[in-house]
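Q: Provided below for reference: sequence and predicted model.
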Amino acid sequence: MMGVFCQPSECPMSTVTLHRVVRASPERIYRAFLDADALVKWLPPAGFTGTVEHLDAQVGGTFRMAFTNFANGQRHAFGGTYLELQPSALLRYNDVFDDPALPGTMLTTVQLHALPCGTDVHIVQDGIPEQIPLYACYLGWQDSLTLLAHLVEAQTEH
């Protein structure tokens, strides 16, 4: 992974906050964040495919993924470390893009709270490089959360 080309205090970064109620248990949603096969189904936003090259789902474990733009083939690889994992309740991880034009380390916190109708999913992503427009992050996460809901809300008996 590439390093930061400016001091953290000098790198302009942004934050997005997302909230969604999903009709599935916290356990199922938590598992979708840590299962490689599930991640490639829901995390890449509309117009992208995804690959998981490595995933060690434990505190201190690392992951490596890439999203590929289906229209133009441009690939965005990134990786990170799981900082905190509380089953069915909390995930905190960092990620760094391979692209030196996207400097810094992002920190993502996912909180899951059980509700009578499903789960309250609250996501905060800090340290987004200024080169990524915030509206693009929101749109991407909205796409991803819709796909997550489709995956975890499915009630299959087979």
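A: Ah, there it is.
Q: how far away is Ser25 from Asp98?
A: Distance of Ser25 to Asp98, computed by Cβ to Cβ, to the nearest Å: 34 Å. Glycine gets a C-beta too; all of them are placed from N, C-alpha and C.
Q: So what does the most centrally placed residue in the chain have for phi and psi?
A: Nearest to the mean C-alpha position of the chain, by Cα atoms, centre = their mean, lies Leu43 at 6.3 Å. Backbone geometry at Leu43, expressed as degrees, to the nearest 10, gives phi -70, psi -40.
Q: which residues sit in contact with it?
A: Counting by Cβ atoms under 8 Å, 6 or more residues apart in numbering, Leu43 touches Gly50, Met65, Phe67, Ser144, Leu147, Leu148.
Q: so the last one is in which element?
A: Yep, that's Leu148 we're talking about. helix 134-153 (DSSP states H and E).
Q: list the helices and strands that helix packs on?
A: Judged by 3 or more Cβ pairs under 8 Å, 6 or more residues apart in numbering; DSSP states H and E, helix 134-153 is in contact with strand 13-22, helix 26-34, helix 36-42, strand 118-129.
Q: In a markdown table, list those along with mean neighbour count.
A: Putting those into a markdown table (neighbours: other Cβ atoms under 10 Å) gives the following:
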| stretch | mean neighbour count |
| --- | --- |
| strand 13-22 | 15 |
| helix 26-34 | 19 |
| helix 36-42 | 16 |
| strand 118-129 | 18 |
